[in-house]
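**Q** Need a 3D model of the sequence below.
(one chain, ligands or ions: 1)
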Amino acid sequence: MEEKKERILTGHRPTGPRHIGHLAGTLTNWVRLQDTYECIFLVADLHVLTTDYQHPDQIYPHTLEVVADWLATGIDPERATLALQSAVPEHVQLCLLLSMLVTDARLHRVPTFKEQVQQLGLQPSLGLLTYPVLQAADILLYQASAVPVGEDQLPHLELARELARRFNQLYGEFFVEPEALLSEMPRLPGTDNRTMHTSYGNTIFLKDTPEETTRKVMGMYTDPTRLRATDPGHVEGNPVFTYLDTFDPDTAAVEELKERYRAGKVGDVEVKRYLAGVLNNALAPIRSRREEYIRQPERILSILESGSRRARTIASETLDEAARRMGLRVRFPLRAGNPS
Ligand code: TRP
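**A** Coordinates of the predicted model:
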């Protein structure tokens, strides 16, 4: 008999095409996790609205882009479940139930909330404040035991754990308390050496052409203390070498290049040309699969539809039991648009 696998859940907000930071930091890891876990990958479109509700035209194309990029990097809909958050109404329902178990003051202390408020320069909405409650619902609905995330998401995971504990305390042991599964890869810097972020214009997208990729690499930040190719250069903290460490399978060649760089025996231009070749090689198969998918939106939608349907069977069972435990005992089998 096949061993029952542990379930993990993770997701991205559909904020635009994925870049090499997502590839190195999360997607490569997700693809690997499919071998050992039952994986649910969530397109968190409701979460986009917490900050971007003024751009309703973007969510749909961004959803297609994100899923095309996931599939292109090796997320496999035959083995994993790809679900669309807004298509599974139980996310919103559990979010509301869980919101009873956390104080307003606790949510104001979530560091990501404080950061967002500073960045936005807007009056934060109630939806933004409850962002981590919705995320907790995403996770708890599937009784996921682990959540692969980056460091930035740890405060949200902590809240999900608190909510699970609080619920279990009040209504009896029910929710699985999820563990963070931190990715081991260090965060990839942007081409300008700041944090890589789409809004900074310092990313290389998986969908970029070889020419765009090369152009972005040739404009990369390197060692600012080095004025001439004959000056000894710094490899540490130099994003060009961080990218090589991440993407070049030929570690011996990278070591040799680093030696020459430190000794002032190779120029930035040559190193960048080499890196452009490495990246274009690594991205070529992803690009061609991505192009295939993006040309067939109906195929992407059908993957999301069947994934969401599968997700919903789990989610509705969890929600029913959670609601029942909280005292909502009357559960009619009503269907929308089906009078009589
Ligand atoms: N907040 C996550 C991010 O911005 C996305 C997300 C939504 C998520 N729901 C989730 C991640 C559930 C893990 C589990 O990246």
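**Q** Can you check what pLDDT the model gives residue 1?
**A** For residue 1, the model assigns a pLDDT of 49.
**Q** next one: the one 3 residues further on
**A** pLDDT, the model's per-residue confidence, is 73 for residue 4.
**Q** Quick check: the gap between residue 272 and residue 164.
**A** 48 Å (C-beta to C-beta, to the nearest Å). Every residue, glycine included, has its C-beta placed from N, CA and C.
**Q** The two: who's more crowded?
**A** Between residue 272 and residue 164, counted using other C-beta atoms under 10 Å, residue 164 has the larger neighbour count: 22 against 19.
**Q** Quick one: list the elements packing against the helix or strand that contains that one.
**A** Residue 164 is part of helix 154-171, with elements assigned from DSSP states H and E. Other helices and strands packing on helix 154-171, by 3 or more C-beta pairs under 8 Å, 6 or more residues apart in numbering; DSSP states H and E, are helix 111-120, helix 131-140, strand 146-149, helix 297-325.
**Q** Contacts made by the shortest one with the rest, please.
**A** What it means is strand 146-149. 6, 8-10, 26, 29-30, 33, 37, 139, 153, 156-157, 160, 178-183 (C-beta atoms under 8 Å, 6 or more residues apart in numbering).
**Q** That one and the ligand in contact?
**A** Yes: on the criterion C-beta under 6 Å from any ligand atom, strand 146-149 is in touch with the ligand at 147, 149.
**Q** Could you list the domains of the chain?
**A** 7-188+298-325, 208-292 (automatic domain parsing).
**Q** so which of these is the most packed in?
**A** Highest mean neighbour count among the domains of the chain (mean count of other C-beta atoms under 10 Å): domain 7-188+298-325, with a mean of 18.
**Q** Adding mean pLDDT, write the domains of the chain out as a markdown table.
**A** Shown next, in a markdown table, are these (pLDDT from 0 to 100):
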| stretch | mean pLDDT |
| --- | --- |
| domain 7-188+298-325 | 96 |
| domain 208-292 | 95 |
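**Q** related to what we said a few turns ago, let me have the helices and strands packed on helix 154-171 in CSV, extended by distance to residue 254.
**A** Formatted as CSV, the helices and strands packed on helix 154-171 follow (distance: least, C-beta to C-beta, whole Å):
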stretch, distance to residue 254
helix 111-120, 35
helix 131-140, 37
strand 146-149, 27
helix 297-325, 36
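**Q** Many thanks, have a good one.
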